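*Asks:* here is a sequence with its predicted model. Questions after.
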Amino acid sequence: MDNKCKQCRRAGEKLMLKGDRCNSPKCAMVKRNYAPGAGGPNKRRQKLSDYGTQLKEKQQAKHYYNLREKQFRLTFERAQKMSGDAGKNFLRLLEMRLDNVVYRLGFAISRQQARQLVNHGHFLLDGKKADIPSITVKPEQVVSIKPNKANNNYFRNVVEQVKRAERPSWLNLNTDDLSGKILHVPTDNDLPSNINVQMIIEFYSK
């Protein structure tokens, strides 16, 4: 079974790592809604220590945003240096990464695909080349498809996908030219509720 599917099964919830497949009957969480490994659904699970629980939460969040450990930790350290709540700052920085914004706008069916599209130079930020997935977008900035990429097969077929995507309140889609505007910094209600950021803080504080 695909490693991404195992990550979801290990986390005990859909992390939406495989796009549309995650919402289909083929999803591993539909077919095998139990942790991977020998013993199947009847296997007795060992109770995790505090450290184990914190590690699991950190790994789950890291996979959710499709980041490597170094990228994830550097983002956390950046959040700690900011004023205000470090945990909320951390989630806001993760949400406002360019690759995540591309995914949230509906241009990609997964964060992994969004990262590939950004890496390959398909997008502009305020009309300028933007091919670094970790760029932090800011309020009032606009993400748009690079003109010479708009007519390739992928973007010709993505129109309906973009229009039906569920976008958070801090993003707005212009359906005329398929550009997305960052309206404001994500509010507390816009932050993912399935991540226990306090556990991640405790993990990195050891």
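*Replies:* All right, it came through fine.
*Asks:* ok, Val185 - contacts?
*Replies:* Under the criterion of C-beta atoms under 8 Å, 6 or more residues apart in numbering, the contact list for Val185 reads 92, 96, 139, 170. C-beta coordinates here come from the backbone N, C-alpha and C atoms, glycine included.
*Asks:* which ones are touching Tyr64?
*Replies:* By C-beta under 8 Å, 6+ apart, the contact list for Tyr64 reads 15-16, 192, 194-195.
*Asks:* before we move on, the earlier item: dump the contacts of Val185 to TSV, plus distance to Ile200 and secondary structure.
*Replies:* Shown next, in TSV, are the contacts of Val185 (distance: C-beta to C-beta, whole Å; DSSP: H, G, I helix; E, B strand; the rest coil):
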residue	distance to Ile200	secondary structure
Arg92	14	helix
Met96	17	coil
Pro139	25	coil
Trp170	22	coil
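*Asks:* so how do I select the buried members of those residues in PyMOL?
*Replies:* Listed next is the PyMOL selection for buried residues among the contacts of Val185, using 16 or more other C-beta atoms under 10 Å:
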select buried, resi 92+96+170
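*Asks:* among the contacts of Tyr64, which lie within helices?
*Replies:* Members of those lying in helices (criterion: DSSP state H): none.
*Asks:* using JSON lines, lay out those together with pLDDT and distance to His120.
*Replies:* Below are the contacts of Tyr64 laid out as JSON lines (pLDDT from 0 to 100; distance: C-beta to C-beta, whole Å):
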{"residue": "Leu15", "pLDDT": "76", "distance to His120": "24"}
{"residue": "Met16", "pLDDT": "73", "distance to His120": "21"}
{"residue": "Pro192", "pLDDT": "95", "distance to His120": "27"}
{"residue": "Asn194", "pLDDT": "94", "distance to His120": "30"}
{"residue": "Ile195", "pLDDT": "97", "distance to His120": "28"}
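*Asks:* out of those, which is nearest to Gly52?
*Replies:* Gly52 has its nearest neighbour among the contacts of Tyr64 in Ile195, at 17.0 Å by C-beta to C-beta.
*Asks:* re the thing from before, what two of the contacts of Val185 are the furthest from one another?
*Replies:* Within these, two members stand farthest from each other by C-beta to C-beta: Arg92 and Pro139, at 11.6 Å.
*Asks:* one step back: looking at the contacts of Tyr64, which is nearest Leu125?
*Replies:* Distances from the contacts of Tyr64 to Leu125 were compared by C-beta to C-beta; the smallest belongs to Pro192, at 23.1 Å.
*Asks:* for the closest one, what are its contacts?
*Replies:* With contact taken as C-beta under 8 Å, 6+ apart, Pro192 is in contact with 64, 91, 95.
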